[in-house]
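Undergrad: Please work out how this folds:
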Amino acid sequence: MVHERQAEGGTLEIEFSAEDVARTRFAISPLWEVVASVRVLKGADEQGLHRRWAEQVRPLLAAAKVDLAPLFSLITVPTVGIPGFLVPPPTTPQPSLEVELAALRSTPPGLLHTKSPGAQPGVAALREDPKRGLARLAEVIAAYWDVALAPYWPRILTLFEGDILHRAKHFAEGGARRLLDDLDPQLTWDSGTLQMARRCTRGALRLDGRGLLLVPSVFVWPRIFSTFGSEDWQHTLRYPPRGIGTLWEQRPLPHSHALAGVLGRTRALLLAELAAPASTTDLARRIGLSPGGVSQHLTALRTAGLVSAHRTGRVVLYARTSVGEALVRG
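TA: Numbers count the residues shown, from 1 in each chain. All right, here's what the predicted structure looks like:
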C-alpha cells in the first residue's frame, strides 16, 4: 500500500544502519507518474500547479475515446492509500513504461488485495479474472500514457535527472546527512534517523539493511508518498523534485545563433517554440509559416531525433525529445 504523507502533527522516525545508507538509491518510475497524474485529473491539485497541463490533456483524452475506468477506479481522491500492486518500486534506476507494465501484467493474484478506501470495486474486478484484468489495465495505462504523458516526458525526465544530479552532488559534498536533510521540508535528518512528518501518529521504522528508495515525482507536490512495510519491496519515498514550479512554463526559449547556424533559423525556432507539445497548425500560426512548410521542417527534426510525434485522436502533437531539450537548453 502506498500512503500519502503530509505535515500535520506526528513524526515517523526512519532508522538507518550503515548498510541502509550504502543501499539507499534513486530511481525514476513512469508508471508511478501515470498514477500520480490521474490524482491530479481527479482534483488533487488544490494549488493549481498542474492546471496548464490538465487543461491541455483533458480534451485530448476525451478525443482519444479511451475507457479509463479500469485505471481511474483504482485511484481515489482524497487519497488515503493506493493499491501497492499498481505501483511496485522500480528495481532499476530508469525503467521504461513497457518494463513496468510487463511487471504489472505478471502480478501474482495474491497481491491483488488492498484496504485502500474507494479502490475496492476496481480491485474486486481484477480478482475475478486477474490475467485478463491486468492485461486490460496495462492496455489502458499505455493508452493514457501516449496521450497524457509521453509528449511531456522529455521535459519531466530532464527535471528528474537534474534533481538527482543535484542530490548526488550534495551526497558527495556532505554524505547522507546533506543528501537527506535537503530532500524535502517534511524530512529532517537527526542522529542516524530520517524524521518524516505524518498526519497524526508517531512511530519508528527500521529499514533492515535494505536501504531507502528515493523516487522524484512531479505530480505529488506538495506531498510525499511512501511505501513501507512490504517484505518483498524496498521501502520507498516519492518526493517532489527541485524546480517543480517551472515545469509547465510556456515561455519559449530564445533560439541561439549557434543552434540556428547548425539547424537553420526556422528549425531552431521550432525547437524553441516546443516548450510544450503543439500541433503543426499551432506552430504555423506562431511562427508565420504555412502548415506544409512547418510539417517539412518537423519531419526533418523528427528524423534527426530532436522531435517526437504523438497522435491523439485526429491531432498529432510534436514535442522535443530529450536530445532536443538538451540542445535548446544548452
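
Undergrad: contacts and neighbour counts: CA atoms only from here.
TA: Will do.

Undergrad: which stretches of this protein have low pLDDT?
TA: Applying pLDDT under 70 to the chain flags the ranges 1-10, 113-120, 198-202, 229-231, 250-256, 312-314, 330.

Undergrad: ok, and for the host helix or strand of A135, which residues are buried?
TA: Assigning secondary structure by DSSP states H and E places A135 in helix 130-148. Going by neighbour count (16 or more other CA atoms under 10 Å), the buried part of helix 130-148 is 130-131, 133-148.

Undergrad: Identify the residues contacting that helix?
TA: Contacting residues not belonging to helix 130-148 are listed as 34, 57, 60-61, 64, 66-68, 70-71, 97, 101, 104-107, 109, 125-127, 310-312 [CA atoms under 8 Å, 6 or more residues apart in numbering].

Undergrad: can you map out the strands along the stretch 151-300 of the chain?
TA: Chain-ordered strands for the stretch 151-300 of the chain, with DSSP state E, counting those that start in this stretch as the definition, fall at 187-190, 193-198, 203-206, 212-216, 224-227, 235-239.

Undergrad: got it, and the stretch 1-150 of the chain?
TA: Secondary structure of the stretch 1-150 of the chain (DSSP E, counting those that start in this stretch): strands at 2-5, 10-15, 25-26, 81-82.

Undergrad: do you know how far L298 is from L60?
TA: According to CA to CA, to the nearest Å, L298 and L60 sit 21 Å apart.

Undergrad: need the contact list for T24.
TA: R210, G211, L212, L213, L214.

Undergrad: Columns neighbour count on top of the residues you listed, output as CSV?
TA: Formatted as CSV, those follow (neighbours: other CA atoms under 10 Å):
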residue, neighbour count
R210, 18
G211, 22
L212, 21
L213, 23
L214, 21
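
Undergrad: of all those, which comes closest to P241?
TA: Distance to P241, by CA to CA, is smallest for L214 among these, at 10.6 Å.

Undergrad: quick one, what contacts the closest one?
TA: Counting by CA under 8 Å, 6+ apart, L214 touches T24, R25, F26, A27, T236, L237, R238, Y239.

Undergrad: nearest residue to it other than its sequence neighbours?
TA: Leaving out its chain neighbours, the residue that sits closest to L214 by CA to CA, 6 or more residues apart in numbering is F26, at 4.7 Å.

Undergrad: I figured the one you found was touching P95, is that so?
TA: No: using CA atoms under 8 Å, F26 makes no contact with P95, being 11.9 Å away.

Undergrad: what's the burial count for T188?
TA: Using other CA atoms under 10 Å, T188 is surrounded by 18 other residues.

Undergrad: Over to W233?
TA: Other residues near W233 number 16, with proximity taken as other CA under 10 Å.

Undergrad: Roughly how far does the nearest residue in space to it that is not next to it in sequence sit from A103?
TA: Ranked by CA to CA, 6+ apart and with sequence neighbours excluded, the top spatial neighbour of W233 is P89, at 6.7 Å. Distance of P89 to A103, given as CA to CA: 11 Å.
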